[in-house]
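Enquirer: Here you go, sequence then predicted model.
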Amino acid sequence: MLNHILFAVALLLFLTAGTAQRVRLVGGDRHEGRVEVYYRGTWGTVCDDSFTNAAARVVCYMLGYGRVGWFIGNRYGAGSGTIWLDEVQCTGRETHIVYCSHRTWGSHNCGHSEDVSVSCLALRLVGGRSPREGRVEVRYDGTWGTVCDGRFTDAAASVVCYSLGYGYVGRSIGNLYGAGLFGWTTFVAVARNLTSQNVHTTAGAVTTVNTVTMFPSHVSLTRL
């Protein structure tokens with residue numbers, strides 16, 4: 001009997017996933033935007049109730065970015081039409097958003113002002129006392145690396161924090177969280193491409209830092 005029940009559940013998940021195979025990011029660039037899912041021939045939005053960074057990682061994984069992703073609130077504004085998903089709760093290891101816990105498709109208590117936005121930037125804070133601070137690392141060509149502190153300012157820290165969904169605030173705290181294993185390029189070599197649409201001024205203010213480094217002086221920062 002148990003085998004029959006498990007088979008029925010697996011079949012239901014398979015059929016549901018088959019009708020919602022696509023997600024997209026709208027209003028931003030190819031790395032971030034408002035989340036929309038395609039279900040029964042219609043694109044619709046996702047409500048932010050219970051939505052976390054873990055759910056954002058699932059969305060980004062579906063889009064081919066790997067297991068990175070950040071919930072950035074409602075940055076890209078309200079969508080229109082159907083709100084397809086609400087109360088989405090993921091572990092972050094699912095391969096498809098339909099495998100996360102959620103309310104019945106189309107059932108919600110939200111307005112479009114609560115439509116979810118995510119960022120799939122390959123950027124993270126490591127080793128901090130909370131998710132809001134740590135050593136800055138970026139991923140390039142499949143490898144995570146650190147950021148040299150040469151000319152890294154609070155302005156650059158604000159770019160990092162903005163990209164991670166914390167708003168346009170941030171402070172460089174030196175090398176508080178120590179050295180990583182590998183030094184990539186400076187932050188701006190990546191940030192100019194990934195965040196300049198949203199923070200033109202700050203990204204431009206630190207573009208003089210552009211050398212590849214292998215130094216142990218790796219940047220840490222905190223959100224203000």
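Expert: That came through, no problem. Numbers count the residues shown, from 1 in each chain.

Enquirer: Where in this structure is the helix or strand with the lowest mean pLDDT?
Expert: helix 200-205 (a mean of 29; mean pLDDT, DSSP states H and E).

Enquirer: which regions of the chain lie under the pLDDT threshold?
Expert: Along the chain, the model assigns pLDDT under 70 to residues 1-21, 141, 180-224.

Enquirer: Run through the strands of it in chain order.
Expert: For the chain, the strands identified by DSSP state E occupy 22-29, 32-39, 42-46, 70-71, 83-85, 117-119, 123-126, 133-140, 143-146, 171-172, 220-222, in order along the chain.

Enquirer: Using JSON lines, lay out those strands together with mean neighbour count and distance to residue 102.
Expert: Every residue, glycine included, has its C-beta placed from N, CA and C. Output for the strands of the chain, formatted as JSON lines (neighbours: other Cβ atoms under 10 Å; distance: least, Cβ to Cβ, whole Å):
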{"stretch": "strand 22-29", "mean neighbour count": "16", "distance to residue 102": "13"}
{"stretch": "strand 32-39", "mean neighbour count": "22", "distance to residue 102": "10"}
{"stretch": "strand 42-46", "mean neighbour count": "21", "distance to residue 102": "9"}
{"stretch": "strand 70-71", "mean neighbour count": "22", "distance to residue 102": "15"}
{"stretch": "strand 83-85", "mean neighbour count": "25", "distance to residue 102": "5"}
{"stretch": "strand 117-119", "mean neighbour count": "29", "distance to residue 102": "15"}
{"stretch": "strand 123-126", "mean neighbour count": "20", "distance to residue 102": "26"}
{"stretch": "strand 133-140", "mean neighbour count": "20", "distance to residue 102": "28"}
{"stretch": "strand 143-146", "mean neighbour count": "19", "distance to residue 102": "30"}
{"stretch": "strand 171-172", "mean neighbour count": "17", "distance to residue 102": "37"}
{"stretch": "strand 220-222", "mean neighbour count": "24", "distance to residue 102": "33"}
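
Enquirer: can you redo these as CSV with distance to residue 92?
Expert: Conversion of the strands of the chain to CSV gives the following (distance: least, Cβ to Cβ, whole Å):
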stretch, distance to residue 92
strand 22-29, 15
strand 32-39, 15
strand 42-46, 16
strand 70-71, 11
strand 83-85, 16
strand 117-119, 12
strand 123-126, 13
strand 133-140, 16
strand 143-146, 17
strand 171-172, 28
strand 220-222, 23
